[in-house]
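>>> here is my input, please return the structure:
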Amino acid sequence: MALNIHVFLDDVPPLNGPICFVPGSHADETGRLSRHPVEYDDQTTSFPVFAVTPEALQDNIHQATIRHGKQGIVAATGGKGSMLIFFDTTLHCSPANFSPWKRAIFSMIVNPVSNQPENTDRPDHLHHQDRTPVLSSTKPDLFAGFDKRAMRWECK
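Here you go, the predicted structure:
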């Protein structure tokens, strides 16, 4: 199981392709983390990916609609600096941005080394290939050991 952490570097209103979720899809009816059936998709995205089957997606959207009494898909919107934290078992997607506004999002996936992805065909700038374990530290400087000159993050 991986944990996804996203920080909005731009405002993310409803029309610029916010990440969408199926509420409650992270767990089954007993509260255990879900294991969704997947299939290899090399046709509908710009890179090959294992995606949840259309039948499983439809079923989860239907169940979310029943649970919440409204549409079974929600969009994560918010202002610059907003943060999302979610399990990768939560069904999610990023639709295209059809607006004239930027939608930059810092994304970090924290994954146990024992759960390393097997498919590493994606370019490093899309899916970092360094599998070095992250170690905890008691140092006050979170970026100790990193070249801070290379870390030029700017939010305007």
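>>> and the worst-scoring helix or strand of the chain on mean pLDDT, what does it pack against?
When the helices and strands of the chain are compared on mean pLDDT, DSSP states H and E, strand 49-52 comes out lowest with a mean of 80. Applying 3 or more CB pairs under 8 Å, 6 or more residues apart in numbering; DSSP states H and E, one finds that strand 49-52 makes contact with strand 38-41. Where you see a C-beta, it was placed from the backbone N, CA and C, and this is true even at glycine.
>>> the least confident helix or strand of the chain pairs with which strands?
Applying DSSP bridges, strand 49-52 is found paired with strand 38-41 (antiparallel).
>>> list the buried ones in the partner strand?
By neighbour count with 16 or more other CB atoms under 10 Å, strand 38-41 contains no buried residues.
>>> not counting that strand itself, show me its contacts.
Under the contact criterion CB atoms under 8 Å, 6 or more residues apart in numbering, strand 38-41 has outside partners 48, 49, 50, 51, 52, 53.
>>> please apply the same query to stretch 86-96.
Applying CB under 8 Å, 6+ apart, the contact partners of stretch 86-96 are 1-4, 17-22, 25-27, 33-36, 52, 57, 60, 109.
>>> fine by me, we can end here.
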